[in-house]
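In: Return a 3D structure for these sequence lines:
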Amino acid sequence: MDLILWRHAEASDGLRDGFADPLVDLERELTEHGRHQAERMAEWLKRRLLEDTRVLASPAQRTQQTARAFRKHFETIDSIAPGASGQDLLQAVGWDLGVPGSVLLVGHQPSLGEAAALVLGCERPLSVRKGGIVWLTSRARPGSPVVITAALTPALI
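Out: Here you go, the predicted structure:
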């Protein structure tokens, strides 16, 4: 399985009257810079991903907008919303089941970094920059190591 973890691009701060508001969090939209980040990464991904890649996105507005930049049908999965654990993400993609194919998951920190750490056997979560990806490949052979195929930010494209 190829698992591409894509953090949503830069979004508005989600403050209401100067304070963080959890109700506003799901409604946060990409900034102009964030839209450019999402477009650049989407173009890079389109040139490399297989046509049948499954695309999953959190229900948050910023992840929906990031996924739309990819211009392909995607599924909204409530279990990968902000606050999900890394294990929740891996369960949503079927990582432990050894499902073949490619999955592009558009989500949030820290759950993306937790999922990557779980897959790689790291003690601490990874940090994925806004608009960035971590591409992990698991070979079908039991006991084979997971390969980091790519780790990239929009600024490097």
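
In: distance of residue 70 from residue 45?
Out: Going from residue 70 to residue 45 by CB to CB, to the nearest Å gives 6 Å. C-beta coordinates here come from the backbone N, C-alpha and C atoms, glycine included.

In: Need the overlap of contacts for these two.
Out: The contact sets of residue 70 and residue 45 overlap at residue 104 (CB atoms under 8 Å, 6 or more residues apart in numbering).

In: ranges for the strands of the protein?
Out: Along the chain, the segments classed as strands by DSSP state E run 2-7, 15-16, 19-20, 54-57, 75-76, 102-107, 133-138, 146-152.

In: Using a markdown table, lay out the ones you listed together with mean neighbour count.
Out: A markdown table is the format used below for the strands of the chain (neighbours: other CB atoms under 10 Å):
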| stretch | mean neighbour count |
| --- | --- |
| strand 2-7 | 24 |
| strand 15-16 | 10 |
| strand 19-20 | 9 |
| strand 54-57 | 20 |
| strand 75-76 | 12 |
| strand 102-107 | 25 |
| strand 133-138 | 20 |
| strand 146-152 | 15 |
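
In: Could you export these as CSV, including mean pLDDT and distance to residue 125?
Out: Formatted as CSV, those follow (pLDDT from 0 to 100; distance: least, CB to CB, whole Å):
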stretch, mean pLDDT, distance to residue 125
strand 2-7, 97, 12
strand 15-16, 62, 25
strand 19-20, 60, 21
strand 54-57, 96, 20
strand 75-76, 97, 24
strand 102-107, 97, 13
strand 133-138, 96, 11
strand 146-152, 95, 14
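
In: among these, which is nearest residue 28?
Out: strand 15-16 (9.7 Å; CB to CB).

In: which stretches of this protein have low pLDDT?
Out: Applying pLDDT under 70 to the chain picks out residues 14-23, 140-142.

In: please redo it, this time with the cut-off set to 80
Out: 14-24, 97-100, 139-144 (pLDDT under 80).
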